[in-house]
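> below is the sequence, then the predicted model.
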Amino acid sequence: MVYLISYDLSVVATPDDYQRLEAALKLLGGRKVLHTQWTVTSDRTASSIEAYLQLLIGPKDRLLVAQITPNLARKNLLTDFHAVSQAEPQRTPTMFDYQGNDSVG
């Protein structure tokens, strides 16, 4: 399944907060399609992806994980959506994947 992940980090978010979240999205095999929107191909549920990403954001940050259907319109994305929709599903990392990995958290 292909998911759209969209987020708004709070006003107090630092560049490190954005980098940590983007690193986690890349671990999921995510591709940036707009400035704070990514697509991820995964065999996980939207709820499990959301739970994973919630570990990396603050209590006032906003997060949306929604399954993308084949009925889709798009224009001028930052990445080729066709390549995203054809990508192999990625395993959702767990918090244990972060131990000892300073680049993510």
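That came through fine.
> how much space is there between the most centrally placed residue in the chain and residue 39?
Taking CA atoms, centre = their mean as the criterion, residue 25 is the residue nearest the geometric centre of the chain, at 3.9 Å. As judged by CB to CB, to the nearest Å, residue 25 and residue 39 stand 9 Å apart. Where C-beta positions appear, they are placed from N, C-alpha and C, glycine not excepted.
> residue 10 too?
Residue 10 sits 24 Å away from residue 39, going by CB to CB.
> neighbour count: those two, which is higher?
A direct count of neighbours by other CB atoms under 10 Å for residue 10 and residue 39 places residue 39 higher, at 24 against 12.
> mind naming the longest helix for the protein?
In the chain, with assignment by DSSP state H, the single longest helix is helix 15-27.
> please identify the buried residues of it?
Across helix 15-27, burial judged by 16 or more other CB atoms under 10 Å covers 17, 20, 21, 22, 23, 24, 25, 26, 27.
> who touches the nearest residue to residue 61 once chain neighbours are set aside in this structure?
Counting by CB to CB, 6 or more residues apart in numbering, residue 9 is the residue found nearest to residue 61 once chain neighbours are left out, at 4.9 Å. Contacts for residue 9 (CB atoms under 8 Å, 6 or more residues apart in numbering) come out as 17, 18, 21, 36, 57, 58, 61.
> switch to 7 Å and redo it
Residue 9 makes contact with 17, 18, 57, 61, according to CB atoms under 7 Å, 6 or more residues apart in numbering.
> poorly predicted segments of the chain, please.
For the chain, applying pLDDT under 70 flags the ranges 72, 77-105.
> hmm, the residue nearest to the centre of the chain is touching residue 38, no?
Yes. With contact defined as CB atoms under 7 Å, residue 25 reaches residue 38; the gap is 4.9 Å.
> tell me, what's touching those two both at once?
Common contacts of residue 25 and residue 38, defined by CB under 7 Å, 6+ apart, comprise residue 5.
> residue 63: neighbour count?
If you count neighbours by other CB under 10 Å, residue 63 ends up with 16.
> tell me the bridge partners for it.
Taking DSSP bridges as the rule, residue 63 bridges to residue 7.
> quick check: the gap between it and residue 44.
In terms of CB to CB, residue 63 sits 15 Å off from residue 44.
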